[in-house]
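here's my sequence, what's the structure:
(one chain, ligands or ions: 1)
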Amino acid sequence: MFKKGIYTIEKLEKKYHSFKSRSNKRISITLYETAPDNLKEFILDDFCDPRNTFKRTYSKRFDKFDKKIISILSERLSKRNLHIHDCGVSDGRTSVEFFEKIKQINPNIDFIASDYSPELFIQKHKNITLTLMPDGNLAEILFPPFVFKTCKLEKLYRYPINWIVFSLVKKILEKKIKDPNYKNSSEKIRIFCPDALKMEKTYNNFRLSKYNLFDSMNHSYNIIRTMNVLNPTYFSDKEMKIVLKNIHKGLSDDGCWIIGSNKGPDSEVSGAIYTKTQKGFSLFHKESSLPAIHNTISLFNA
Ligand SMILES: C[S@@+](CC[C@H](N)C(=O)[O-])C[C@H]1O[C@@H](n2cnc3c(N)ncnc32)[C@H](O)[C@@H]1O
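Got it, this is the predicted structure:
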């Protein structure tokens with residue numbers, strides 16, 4: 001009849017003590033900062049950005065793939081003044097792993113790991129906690145024992161109580177949710193994992209930033225990487241063309257673009273490397289299955 005969420009570290013640790021299976025319970029995003037590092041990725045499992053794209057990511061997601069790609073690109077990677085932009089990185093854990101491997105070939109590369117929406121705004125109102133997106137939209141309501149995620153609300157017919165409580169709380173806090181000055185009354189949290197934040201502090205050639213693939217890049221990159229971002233279900237044809245244009249323009253003349261998607265850690269990647277041509281992109285390396293948008297990429301005309 002009603003579904004409880006996970007909203008304390010104790011409950012999170014208990015649920016994931018075996019790490020064997022992921023849960024369909026809603027885990028409150030408010031736990032992200034205080035959760036043990038090895039549990040943070042579970043919190044992102046069912047969390048979406050303002051475009052409703054999942055921020056799901058996994059440690060060691062591209063272990064074999066990274067090694068292969070690095071060996072294919074080893075000559076390019078050893079060049080001086082190399083700039084890499086890893087886009088749509090969620091909390092950056094896969095960027096840290098990629099950077100660590102590349103660093104062994106070339107410690108001086110300039111590496112930027114970016115995401116569309118790496119910040120959240122948290123407000124406490126008595127026993128209700130609101131989490132707002134950077135655009136002011138509601139991401140989550142925590143009202144123990146309920147955790148309501150706007151991108152993954154429970155179905156009305158399965159959990160009518162959840163629906164009623166969610167609607168009531170939303171109505172009561174409507175003014176707070178719609179307050180245009182919500183940032184002033186909120187605590188801002190950055191959704192980057194501790195390893196990424198540590199990397200940023202330790203190396204001045206590793207930076208974390210906010211970047212939307214719909215915007216043109218303000219730098220020229222030798223390598224651009226987009227992993228598990230350009231899913232055709234999340235981007236219309238028109239949007240995809242804008243993104244391709246920005247990637248094309250953001251690449252240096254000898255630049256290349258790594259693209260791929262997969263499921264769990266170290267699972268098979270449908271991916272490829274494309275080089276920049278004057279008109280578009282040319283396939284340089286392909287995995288056993290090509291990216292879902294390969295045809296769109298091949299037909300792209302800059
Ligand atoms: C499924 S996660 C993939 C994270 C990581 N690359 C990986 O493979 O584990 C997709 C990420 O892309 C980001 N994203 C979606 N649309 C984007 C856009 N227009 N510009 C930049 N990032 C975007 C989402 O916010 C999310 O963090």
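
pretty sure Lys188 is in a helix, no?
No. Counting by DSSP: H, G, I helix; E, B strand; the rest coil, Lys188 is not part of a helix but strand.

what's the separation between it and the ligand?
Counting by CB to the nearest ligand atom, to the nearest Å, the gap from Lys188 to the ligand is 17 Å. All C-beta atoms are positioned from the backbone trio N, CA, C, and that covers glycine.

how near is that residue to Phe65?
Distance, Lys188 to Phe65, using CB to CB, to the nearest Å: 33 Å.

the two: which is more packed in?
The residue with more neighbours, out of Lys188 and Phe65, is Phe65; 21 against 10, by other CB atoms under 10 Å.

who's in contact with the more buried one?
The contact partners of Phe65, by CB atoms under 8 Å, 6 or more residues apart in numbering, come to 260, 262, 266, 269, 271, 287.

do Asp237 as well
For Asp237, the contact set (CB under 8 Å, 6+ apart) comprises Thr296.

now Ile273
Applying CB under 8 Å, 6+ apart, we find Ile273 in contact with 69, 72-73, 256-259, 283-286.

can you report phi and psi for the nearest residue to Lys276 once chain neighbours are set aside?
Distances taken as CB to CB, 6 or more residues apart in numbering put Leu251 closest to Lys276, at 4.4 Å, once the chain neighbours are dropped. Dihedral angles of Leu251 (phi, psi; degrees, to the nearest 10) stand at phi -90, psi 140.

wait, Leu251 touches Ile258, no?
No. Look at Leu251 against Ile258 with CB atoms under 8 Å: they stay out of range, at 11.2 Å.

could you tell me which residues touch both of those two?
Counting by CB under 8 Å, 6+ apart, the residues touching both Leu251 and Ile258 are Ile224.

enumerate the residues of the stretch 201-302 of the chain near the ligand.
Contact residues (CB under 6 Å from any ligand atom) of the stretch 201-302 of the chain with the ligand: 211-214, 227-229.

so is Ala292 in a helix, a strand, or just coil?
With three-state DSSP as the basis, the three-state label of Ala292 is coil.

for the closest residue to it other than its chain neighbours, give me the pLDDT.
In space, and not counting its chain neighbours, Ala292 is closest to Pro232: 5.4 Å by CB to CB, 6+ apart. pLDDT, Pro232: 94.

tally of neighbours for Pro232?
Residues lying near Pro232 (other CB under 10 Å) number 13.

can you pull the contacts of it?
Counting by CB under 8 Å, 6+ apart, Pro232 has contacts 240, 292-293, 296.

next: Arg207.
Per CB under 8 Å, 6+ apart, neighbours of Arg207: 111-113, 200.

the residues you listed also near the ligand: which ones?
Checked against the ligand using CB under 6 Å from any ligand atom, these give no members in range.

would you turn these into a markdown table with neighbour count, pLDDT and secondary structure?
Conversion of these to a markdown table gives the following (neighbours: other CB atoms under 10 Å; pLDDT from 0 to 100; DSSP: H, G, I helix; E, B strand; the rest coil):
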| residue | neighbour count | pLDDT | secondary structure |
| --- | --- | --- | --- |
| Phe111 | 23 | 98 | strand |
| Ile112 | 21 | 98 | strand |
| Ala113 | 30 | 98 | strand |
| Glu200 | 17 | 97 | helix |
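
which element is Gly271 on?
strand 270-276 (DSSP states H and E).

which SSE is immediately downstream of that strand?
Next along the chain after strand 270-276, taking DSSP H and E as the criterion, comes strand 281-286.

near the ligand, which residues of the stretch 51-200 of the chain?
51, 53-57, 61, 87-90, 94, 115-117.

out of those residues, what pair is the most spread apart?
Based on CB to CB, the longest span within those runs between Arg51 and Arg61 and measures 20.8 Å.

neighbour-wise, which of those two wins?
Taking neighbours as other CB under 10 Å, Arg51 and Arg61 compare with Arg61 leading, 24 against 15.

surely that one is in contact with Gly260?
No. Using CB under 8 Å, Arg61 is not in contact with Gly260, being 9.9 Å away.

residues shared between the contacts of those two?
By CB under 8 Å, 6+ apart, the residues touching both Arg61 and Gly260 are Met227.

shaky segments in the protein?
Scanning the chain for pLDDT under 70 picks out 18-23.
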